[in-house]
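> my questions are about this predicted structure, shown below with the sequence.
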Amino acid sequence: MISQIVSAVGVVIAGVFVCALYYWLSDKILQAVFPVPVDNVRAASVNLNRRAMVRPWLFLGPALILLLVYLVYPVVATFILSFYDRSGGNFVGLANYRWAIQDAQFRQSIFNNILWLAVVPAACTFFGLVIAVLTDRIWWGNIAKSLIFMPMAISFVGASVIWKFIYEYRGGSETQIGLLNAIVQAIGGSPQVWISLPFWNNFFLMAILVWIQTGFAMVILSAALRGIPEETIEAAVIDGASGWQIFWKIMVPQIWGTIAVVWTTITILVLKVFDIVLTMTNGQWNTMVLANLMFDWMFRGGGDSGRSAVIALIIMAAVTPIMIWNIRQANKEMGGH
Amino acid sequence: MRAAASLRRIGLPRLVVHLSVLVICIIWLIPTLGILVTSFREAGQITASGWWTAFTGAAETSAARLGEASTAKQNGATYVISGSVFEGGKGGTVRAFGTRVAAPTEFAVGKAADIGDGETLTINEDGSYTYSKNAPFEAGRGKRVYLSVATPPSFTTENYRTVLTSQGIGQSFVNSLTVAVPATIIPILIAAFAAYALSWMEFPGRALIIALVVGLIVVPLQMSLIPLLKMYNEIGSFFGVPSRSYAGIWLAHSAFGMPLAIYLLRNYIAGLPREIIESARVDGASDFEIFVKIILPLSFPALASFSIFQFLWTWNDLLVAMVFLGTGKDQLVLTGALNALLGSMGGKWEILTASAFITIVVPIIVFFALQRYLVRGLLAGSVKGG
């Protein structure tokens, strides 16, 4: 264990050193290859130009290589693999797609993903907005925000353990030690095995993600609310608008863009939700979602790269509109510079 | 705040706001509090009562045997056995007792209870009892009684000792650190150089690369897993090295964090004042020198924001670790170990809660210590796009 710590520390130091060495050395080599002679102005300017042409690529090099190897190439490869059989050796055309359409578990996953998409982003944004408005009006608002924001730091697996304990069910006459069942019992209901209740169990899993992500929505929306010009609200007050009207008709429309950003960010997160379902139910009791089904097929029976590639592509397809919108937005900003 | 201040003059009564925020905070805190409290309770108490009763003490049902007939003393026509139900036990306060397991709270303490056969039994709060009969007791083992015992709140750190040593959580903790620290530091440096090039150097294709980076931010990890797993296996078998290694996961994490890192850092670095960089150029500083001496120190807030993101993401990640590091016992990171324990230790909450708390304690410390930078990073990453 000690040796592992030592080697990890060594790697950090060595890694940083190697990175720094690369950038430093490549810069030195560049200067050596394209010297700038003091006595020859023409050669100097030519070489200075050449340096300026090459240098960006030296700076970008490592990052581009990582992006190409780990993200760009795999996207293309996954697309191609989706037309091949389980080992990736034989071309099978659209067979994997046909399988997906007819597979009951795949349809279940699509249905559940749509359910997650319908509930979680909306719930997080709504709670986040309400809490942001409320906490902005009290002196201990920042402490409250910290506490609500805190679950963001907790891993999905950790959060799953936390919530599994809340949903804990004990049979027979044993004392209910899960908070939810204890509350249900206290108000006269009968305890349930929440995570295996068909259909509704999805919502119990979603609650975990809402608990984690509301803080994110709150922080961003709170910053947006503070950016609203005071005059607009003063004007509304003078015109005799009620607090409710000011909130819905003055404040919300002005932060519409931010709400969209929060919504799409959480949407992307929801599409990739994996850890929560894996640790809570592993897809049992009709809770399977796409990311888990994909992982399942990656290793099921030695792995089926064709089918899992199809599932990954479905997730990718769902993300693509957001991706295009983001790129457009970024381009617009760049143009504005 | 200004907007809110205006609303305040006409808004809801203040008290309602305070109360609702308080309620929300409590709801948000309770889940975490539950496992924190539970992780310090004894296994027996965890299953006997809900964690919310931990501070008031728990009512446990226990059994005890009264003295044998041979210890009876004759007192006129009655025979009496006396002693304490806690003999040889750990003690406590008796709340109620019974003679059947199904009804451990049948009789109240301190009052003589008629338990049939002409026998009466009195058990006091401190555990002392008087067991009398109007005829000699039958020989044999002492009578069994069931007690509802209130145990004082007691907390233990035993669960933590258990999980850290015998459940492999200690090893996993080191593994998680081994994964997360290099996977946080390496991408920062690489991304910072790239971000500088994308902000302050003119070259053809720059806009295209920025668009690529923005696009890649949202590409789901799932798209990368299959080809990369194949590639790792091939490299492993080609060079005769294990396909799953720390080096592999460091690179994977670095690459997956790279688009966001470049995007965040570029936004920040591009916003630095042009005069500083141009005057340095006029003074003859090379781009390398400008980067190291000017850009890096000035970008500290952005670097800090991103490193917090990346650290939380790599520490909390399960998927990448499962695929690229494997699920062997000595390679499991904390999230993987916790997931495995959920499978094998199903109802053993003393193990699960202590393990869970160990996995979340580091990110929570990081979170509270560096929250300012985290918020700043979130705002830079999200609001800009709006």
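Arrived safely. Numbers count the residues shown, from 1 in each chain, chains lettered A, B, ... in the order given.
> quick one: residues contacting the spatially most central residue of chain A.
By C-alpha atoms, centre = their mean, chain A has its centre lying nearest to residue A:269, at 3.3 Å. For residue A:269, the contacting residues are A:209, A:213, by C-beta atoms under 8 Å, 6 or more residues apart in numbering or on different chains. Backbone N, C-alpha and C define where each C-beta goes, glycine included.
> tell me if I am right that it is in a helix.
Yes. Judged by DSSP: H, G, I helix; E, B strand; the rest coil, residue A:269 forms part of a helix.
> what's the spacing between it and residue A:212?
In this view, residue A:269 and residue A:212 are 9 Å apart by C-beta to C-beta, to the nearest Å.
> just residue A:3 next, same as before
When distance is defined by C-beta to C-beta, residue A:3 is 36 Å away from residue A:212.
> with residue B:64 instead?
Here residue B:64 is placed at a distance of 47 Å from residue A:212 (C-beta to C-beta).
> same deal with residue B:198?
Summarising the geometry, the distance separating residue B:198 from residue A:212, computed by C-beta to C-beta, is 32 Å.
> check residue A:196 too.
The span separating residue A:196 from residue A:212 equals 22 Å under the rule C-beta to C-beta.
> of the two, who's got more company?
More neighbours surround residue A:212 than the other of residue A:196 and residue A:212, with 22 against 16 (other C-beta atoms under 10 Å in any protein chain shown).
> tell me the pLDDT of that one.
At residue A:212 the predicted local confidence, pLDDT, stands at 93.
> what's the answer for residue B:329, then?
What the model reports as pLDDT for residue B:329 is 74.
> what's the neighbour count on it?
Once other C-beta under 10 Å is used to define contacts, residue B:329 is seen to have 12 neighbours.
> then residue A:80?
By the measure other C-beta under 10 Å, the count of residues near residue A:80 is 12.
> tell me which element it is part of?
Under DSSP states H and E, the secondary-structure element containing residue A:80 is helix A:73-81.
> tell me the buried residues in whichever helix or strand comes after that helix?
Beyond helix A:73-81 on the C-terminal side, the first helix or strand identified by DSSP H and E is helix A:95-102. Buried residues in helix A:95-102, counted by 16 or more other C-beta atoms under 10 Å in any protein chain shown: A:95, A:96, A:97, A:100.
> how about stretch B:131-145?
Along stretch B:131-145, the positions that meet the burial threshold by neighbour count (16+ other C-beta under 10 Å) are B:131, B:132, B:133, B:137, B:142, B:143, B:145.
> between those, which is nearest residue A:59?
For residue A:59, the nearest member of the buried residues of stretch B:131-145 is residue B:145. The distance, counting by C-beta to C-beta, is 80.9 Å.
> thought that closest one was touching residue B:100?
No. Judged on C-beta atoms under 8 Å, residue B:145 makes no contact with residue B:100 at a distance of 9.6 Å.
> quick one, phi/psi of residue B:54?
When quoted as degrees, to the nearest 10, the phi and psi of residue B:54 stand at phi -60, psi -30.
> doesn't residue B:37 make contact with it?
Yes. Contact between residue B:54 and residue B:37 holds when scored by C-beta under 8 Å: they sit 5.2 Å apart.
> show me where chain A dips below the pLDDT cut-off.
Judged by pLDDT under 70, chain A has its weakly predicted residues at A:1, A:335-337.
> show me the domain layout of it.
A:2-81, A:95-336 (automatic domain parsing).
> how many neighbours does residue B:41 have?
24.
> so what's it up against?
With contact taken as C-beta under 8 Å, 6+ apart, residue B:41 is in contact with B:51, B:54, B:154, B:155, B:156, B:159, B:350.
> roughly how far apart are the second one and chain A?
Using C-beta to the nearest C-beta, to the nearest Å, one obtains 11 Å as the distance from residue B:54 to chain A.
> least confident secondary structure element in chain B?
helix B:2-10 (a mean of 56; mean pLDDT, DSSP states H and E).
> buried sites along the helix or strand containing residue A:263?
Taking DSSP H and E as the definition, one finds residue A:263 inside helix A:256-271. Buried residues in helix A:256-271, counted by 16+ other C-beta under 10 Å: A:258, A:259, A:261, A:262, A:264, A:265, A:266, A:267, A:268, A:269, A:270, A:271.
> got the contact list for the fourth one?
In this case it means residue A:262. With contacts defined as C-beta under 8 Å, 6+ apart, the neighbours of residue A:262 are A:121, A:124, A:125, A:128, A:216, A:217, A:220, A:221, B:382.
> nearest to residue A:154 among the residues you listed?
Ranking the contacts of residue A:262 by separation from residue A:154, with C-beta to C-beta as the measure, puts residue A:216 on top at 12.5 Å.
> spatially nearest residue to that closest one (excluding sequence neighbours)?
Spatially, and ignoring its direct neighbours in sequence, residue A:216 is nearest to residue A:152 (5.8 Å; C-beta to C-beta, 6 or more residues apart in numbering or on different chains).
> in three-state terms, label that neighbour for me.
Using three-state DSSP as the criterion, the local structure at residue A:152 reads helix.
> residue B:373 is in contact with residue B:301, correct?
Yes. Judged on C-beta under 8 Å, residue B:301 makes contact with residue B:373 at a distance of 6.4 Å.
> as a quick check, tell me the outermost residue of chain A.
Using C-alpha atoms, centre = their mean, the residue of chain A lying farthest from its centre is residue A:39. It sits 56.7 Å away.
> tell me how far that one lies from chain B.
Looking at residue A:39 against chain B, where the rule is C-beta to the nearest C-beta, the gap reads 18 Å.
> sec struct for that residue, please.
When classified by three-state DSSP, residue A:39 comes out as coil.
> residue B:203 looks like it's in a strand, true?
No. Remark: residue B:203 does not belong to a strand; assigned using three-state DSSP, it is coil.
> show me what contacts the closest residue to it other than its chain neighbours?
The shortest distance from residue B:203 to any residue other than its chain neighbours is 4.3 Å, reached at residue A:56 (C-beta to C-beta, 6+ apart). Remark: with contacts taken as C-beta under 8 Å, 6+ apart, residue A:56 is in contact with B:197, B:201, B:203, B:206.
> confirm residue A:56 sits in a helix?
Yes. Looking at residue A:56 with three-state DSSP, it is inside a helix.
> quickly find the element holding residue B:97.
Element membership of residue B:97 [criterion: DSSP H and E] is strand B:93-98.
> low-confidence regions, chain B specifically.
Confidence mapping of chain B against pLDDT under 70 gives the ranges B:1-12, B:57-60, B:88-91, B:381-386.
> scan it for its longest helix.
Ranked by residue count and defined by DSSP state H, the top helix of chain B is helix B:169-200.
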